[in-house]
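>>> what's the 3D shape of this:
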Amino acid sequence: MYFRLLRDLTIRCGFLLISLAVCAANSLAAPCYTITPSSQSIHFANQAVGTTSPLMAGVIINNNCTTTLQISSIALTPSEFQLGMGYTWNLPPQQKLEYGINFKPDSAQTFTGSFTLGITGQSPVVISLSGTGITTGAIGTLTSPSLSFVNVPVGQQSNTQTVTLTNTGTTSMTILSIYTEPPFSVSGGKGGTVLSAGQSLPLKVIFSPSAVGTYTGDVVITSDVLNPMAVALTGTSVAATGLAITNFPTLPGATQGAAYSATFSSVGGTGGVTWTAANLPTGLTLSSSGVLSGSIPSTLTLGTYKFKITATDSASNAITDQFNMTIAAPTQADCNNISWNINGTQNPLVPITDLGTGTYLGAEGGLYLNGSNIMPASHDSDGVNLADAIQPLDANGNPDPNGSYALLSLGLSITFENFGYLKQQAFGDTTLNPHLVLVNGANPNLTAGRYANPSDPIWNTEMNYFLPQAGVTANQVVAAWVMVIDGFPTGTFPGDMSKLESEYISIVQNLHNKFPNLKMAFFSTREYAGYANGLKQPDDPETFAYETGFAVQYLMQQQLNGNPALNYNPANGPVMAPWLSWATYDWANGLIPRSDGLSWSCQDFLYDGIHNSLPSGREKNAALLLNYFKTADVTSPWFLAVP
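Down below sits the predicted model:
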């Protein structure tokens, strides 16, 4: 959430930094500041027309003195250079502010421009910009835009389906990544593969469901000269026909020198089940109840390990499946914190979604009312009606069949990073509504308190940069996704969440006031933060990360209970806020799986234990969110081309 080192920026947000320094002096107060890059120029690598630079160029201003630095204005020209992050701000002494700039050429030529920061009482900072747009003859063609897996029994793998990527153009392209997320898996290609003109790459996709239901996903393909491509995936599962192990074949990642745990589960057996294993990685054992635990030796070779797990029921029916686990290097986070207890107890924290009518320090679980995770029917009906009414709008907010509508994200660096991956996964997904525009309005270093202030400069950045760069106006924003908290919280529950709860009310009121056609807002929460506990100055350690879920729960309950400050229905009085809903509840207690199987490995995070790892943690988080927007009855009418 808060960047402390230049290397943080490179890892977290994909920055390209030139780390030199200059100092400027104010002849009156004599403060000084340093600017990176000191050359005051940034040159982007050649970029294919219509694509965006994979790395943001970073501009960092450090206030090294005792006087507040008033950054009063931002100017960025021409439009091929885009602001990815940053805002005007009164920068306190000994702090820094980061700006990110992308290059998106719209023609094959060299562009020159400038990034200018106005500083009250001092000469402006001017960074010259240059970059060249190039054409490519590569054309990526998929044999199918989607794959569907039907009626696969729980605990079994589907038949393999193949989709082939062919370069039907005249010049080569280099694959940067190919990925999907459970319950789907993809094989047959990897980053670094070069496809010359006319060459093909067959990709094999498998569906491995762990519960009865319908699943969505994407195979995402990124390359050096083309925008992301995607194959939309759907899968339906049915009850197992016999004893079956329900775990996904690839277990959560393990960390060299750290504790590990995974719990196996089964369906369809007779009576109790006994578990055995063969060829486990050194340091791990499997209990007869199906708990794989132990500690990975620090000397164990990094890589992927394959082993077999057998479940045997009381009628001697047995099933054996092969699993694999990747053992990776330490991340510098505290990877031994594979779960976290309620403060002062030996009782593990229980996800709000699994708590039900149980309580945490007196607070009842459930996402909505009375310990339930199910939205009340009347509220859901109102949401569906609002979703059905969303239609394309022109720049002035008038209905226009050729217009657009936008989903805007708000939040801090975690939100910024994960929504960026959601955009990447969604870019080539042909099942999404072509009128939908995804706008990443999140910004690193921000807090809920900042968004709660209607006069905060961040709103100017939203209006003057993030929305126009996406090709939409404030009048075309119809929905928002919010994931934001306050860093470095203090106090004890529930008092430690009271400030955040009130800020959420102000945030949704600001959304209503600033975006006249915004009708819906969706909230998500922090993931597990236990891997940050024990590190120096963690931004949001446990149990605070867990407790932020109750702040969102409180917000939902306030609207459901008719708080006038959150009224969305004109029949009930003045409209003060949009209709509210949970999006994803992302918290799980480390490697203790939730009832739906979600868990968080240390390998899902960076060295701070807070920010999702690049790329795997962000891919996982984005896939959860994309699945929600594709499947919820209050989002699919406007998110999908065919609800």
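>>> Isn't Glu181 up against Ala623?
Yes: using C-beta atoms under 8 Å, Glu181 is in contact with Ala623, at 3.8 Å. Heads up, the C-betas are built off the backbone N, CA and C, glycines and all.
>>> what do the two both touch?
With contacts defined as C-beta atoms under 8 Å, 6 or more residues apart in numbering, the residues shared by Glu181 and Ala623 are Gly217.
>>> what about the helices in the stretch 1-150 of the chain?
6-13 (DSSP state H, counting those that start in this stretch).
>>> Sketch out the low-pLDDT regions of it for me.
Counting by pLDDT under 70, the stretch 1-150 of the chain contains low-confidence ranges at 1-31.
>>> buried set for stretch 557-567?
Applying a neighbour-count criterion of 16 or more other C-beta atoms under 10 Å, the buried positions in stretch 557-567 are 557-560, 566-567.
>>> So which of those residues is the closest to Gln40?
Using C-beta to C-beta, Leu566 comes nearest to Gln40 of those, at 47.4 Å.
>>> Test my guess that that closest one contacts Ile505.
Yes: counting by C-beta under 8 Å, Leu566 does reach Ile505; the two are 6.5 Å apart.
>>> Next step: the buried residues of stretch 557-567 restricted to helices.
Among the buried residues of stretch 557-567, the members falling in helices (DSSP state H) are 557-560.
>>> Make CSV from those residues and add pLDDT to it.
As requested, those are exported to CSV (pLDDT from 0 to 100):
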residue, pLDDT
Gln557, 97
Gln558, 97
Gln559, 98
Leu560, 98
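>>> mind putting the residues you listed in CSV, distance to Phe523 included?
Rendered in CSV, the data for these read as follows (distance: C-beta to C-beta, whole Å):
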residue, distance to Phe523
Gln557, 12
Gln558, 12
Gln559, 11
Leu560, 14
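>>> Looking at those residues, which is nearest Pro93?
Distances from Pro93 to those, taken as C-beta to C-beta, are shortest for Gln558 (38.6 Å).
>>> Quick one: distance of the longest helix seen in the chain to the chain centre.
Using DSSP H, we find that the single longest helix of the chain is helix 495-514. For helix 495-514, the distance between its averaged C-alpha position and the chain's averaged C-alpha position is 21 Å (C-alpha atoms, centre = their mean, to the nearest Å).
>>> on that earlier part again, what do Leu566 and Ile505 both touch?
555, 558, 577.
>>> which residues touch the second one?
Shown in contact with Gln558 (C-beta under 8 Å, 6+ apart): 505, 565-566.
>>> and if you look at the last one?
Contacts for Ala577 (C-beta under 8 Å, 6+ apart) come out as 505, 508-509, 511-512, 521, 559, 565-568.
>>> Where does the residue minimising distance to the centre of the chain fall, secondary structure wise?
With distances taken as C-alpha atoms, centre = their mean, Asn418 lies nearest the centre of the chain, 2.3 Å away. Under the criterion of DSSP states H and E, Asn418 resides in helix 413-427.
>>> Kindly check the end-to-end length of stretch 113-133 for me.
According to C-alpha to C-alpha, to the nearest Å, stretch 113-133 extends 14 Å from its N-terminal end residue to its C-terminal end residue.
>>> Which positions in that stretch come out as buried?
113-115, 117, 119, 122, 125, 127, 129, 131-133.
>>> Could you export these as TSV, including distance to Asn343?
As requested, the buried residues of stretch 113-133 are exported to TSV (distance: C-beta to C-beta, whole Å):
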residue	distance to Asn343
Gly113	52
Ser114	51
Phe115	46
Leu117	43
Ile119	44
Gln122	47
Val125	46
Ile127	47
Leu129	50
Gly131	51
Thr132	56
Gly133	55
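>>> Which two of these have the greatest separation?
Checking the buried residues of stretch 113-133 against each other with C-beta to C-beta, the farthest-apart pair comes out as Gln122 and Gly133, at 34.2 Å.
>>> Spatially, and excluding backbone neighbours, which residue is closest to Trp638.
Once its chain neighbours are removed from consideration, Trp638 has its nearest residue in Ile390; the separation is 4.1 Å (C-beta to C-beta, 6 or more residues apart in numbering).
>>> Burial check on that neighbour, number of neighbours?
For Ile390, the neighbour count with other C-beta atoms under 10 Å is 20.
>>> got a list of what it touches?
The contact partners of Ile390, by C-beta under 8 Å, 6+ apart, come to 405, 478-479, 519, 637-638.
>>> For Asn460, see how far away it is.
When distance is defined by C-beta to C-beta, to the nearest Å, Ile390 is 26 Å away from Asn460.
>>> same deal with Thr430?
As for Thr430, its distance to Asn460 is 35 Å (criterion: C-beta to C-beta).
>>> Mark out where each domain of the protein begins and ends.
Structural domains annotated on the chain: 6-134, 140-238, 244-328, 384-639, as defined by automatic domain parsing.
>>> Can you give me the end-to-end span of the last one?
Spelled out, it's domain 384-639. Its first and final residues considered, domain 384-639 spans 12 Å by C-alpha to C-alpha.
>>> Identify each buried residue in the longest helix of the chain, please.
Buried residues in helix 495-514, counted by 16+ other C-beta under 10 Å: 496-497, 499-512.
>>> Who are the packing partners of the next helix or strand after it?
Tracing the chain past helix 495-514, the next element assigned as helix or strand by DSSP H and E is strand 520-523. Contact partners of strand 520-523 among helices and strands, from 3 or more C-beta pairs under 8 Å, 6 or more residues apart in numbering; DSSP states H and E: helix 377-389, strand 477-483, helix 495-514, helix 544-560, strand 579-582.
>>> 7 Å instead, please
Taking 3 or more C-beta pairs under 7 Å, 6 or more residues apart in numbering; DSSP states H and E as the contact definition, the neighbouring helices and strands of strand 520-523 are strand 477-483, strand 579-582.
>>> Quickly compare those strands and say which is most buried.
Comparing these by mean neighbour count (mean count of other C-beta atoms under 10 Å), strand 477-483 comes out on top with a mean of 27.
>>> what does that strand contact?
390, 405-411, 414-415, 507, 511, 515, 517-524, 583 (C-beta atoms under 7 Å, 6 or more residues apart in numbering).
>>> Can I get that strand as CSV, trimmed to CA atoms?
Coordinates of the C-alpha atoms in strand 477-483 are reproduced here as CSV (Å, rounded to 0.1, in the frame of the first residue of the first chain):
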residue,chain,number,x,y,z
VAL,A,477,-19.6,5.6,-15.2
VAL,A,478,-22.4,3.3,-14.1
ALA,A,479,-20.7,1.0,-11.5
ALA,A,480,-17.7,1.0,-9.2
TRP,A,481,-15.6,-1.7,-7.5
VAL,A,482,-14.0,-0.6,-4.3
MET,A,483,-11.3,-2.2,-2.3
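>>> Between the two ends of stretch 345-358, how far is it?
The first and last residues of stretch 345-358 sit 16 Å apart, counting by C-alpha to C-alpha.
>>> ok, and for it, which residues are buried?
Buried residues in stretch 345-358 (16+ other C-beta under 10 Å): 349-353, 355.
>>> Can you pick out the most distant pair from the residues you listed?
In terms of C-beta to C-beta, the buried residues of stretch 345-358 reach their longest pairwise distance at Leu349 and Thr353, which sit 12.2 Å apart.
>>> any residues in contact with both of those two?
When C-beta under 7 Å, 6+ apart defines a contact, no residue borders Leu349 and Thr353 alike.
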